[in-house]
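>>> Got a predicted structure plus its sequence, pasted below:
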Amino acid sequence: MQASLILKTRRHIGEAMFADLVIWRVPEPLRGSPHPFKYRLAFVADGICMMRYDNETGKGDHKHIGAEEHPYAFQSIEKLLLDFDADMKGWIDGNADRED
């Protein structure tokens, strides 16, 4: 079995913000992840990656919020997308009133 693409999209969110979502089903779990998915979900604002969820080989499931890296407890693709959207909304809501 080869890797199969499940999702690849770019969602534009307001002015100068977007989310890139890429999820693959892989033949066997990546080293460090117990599930058969490879993913990278990134939220970019003003050309800067503010948040990213991924499971690069050897590091397992984790997320980056700004410069900080945190473990992520993967449960399902649906939960991954919900968690990512919630964190992205939290970032947007928390920065909506900032002055440039």
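Yes, it's here. Numbers count the residues shown, from 1 in each chain.

>>> quick one: secondary structure of the most centrally placed residue in the chain?
Centrality entry for the chain: nearest residue to the mean C-alpha point is L41, 2.5 Å, by Cα atoms, centre = their mean. Assigned with DSSP: H, G, I helix; E, B strand; the rest coil, L41 falls in the strand class.

>>> do you know how far it is from E28?
21 Å (Cβ to Cβ, to the nearest Å). Quick note: C-beta positions are derived from backbone N, CA and C, even for glycine.

>>> before we move on, back to that, so what's the residue nearest to the centre of the chain bridging to?
Taking DSSP bridges as the rule, L41 bridges to L21, Y53.

>>> Isn't it up against R52?
Yes. Taking Cβ atoms under 8 Å as the definition, L41 is a contact partner of R52 at 6.7 Å.

>>> which stretches of this protein form helices?
77-95 (DSSP state H).

>>> any chance you could map the strands in it?
4-12, 17-25, 37-45, 48-54, 62-65, 68-71 (DSSP state E).

>>> From the contact counts, what lies against the fifth one?
Spelled out, that is strand 62-65. If you count contacts as 3 or more Cβ pairs under 8 Å, 6 or more residues apart in numbering; DSSP states H and E, strand 62-65 packs onto strand 48-54, strand 68-71, helix 77-95.
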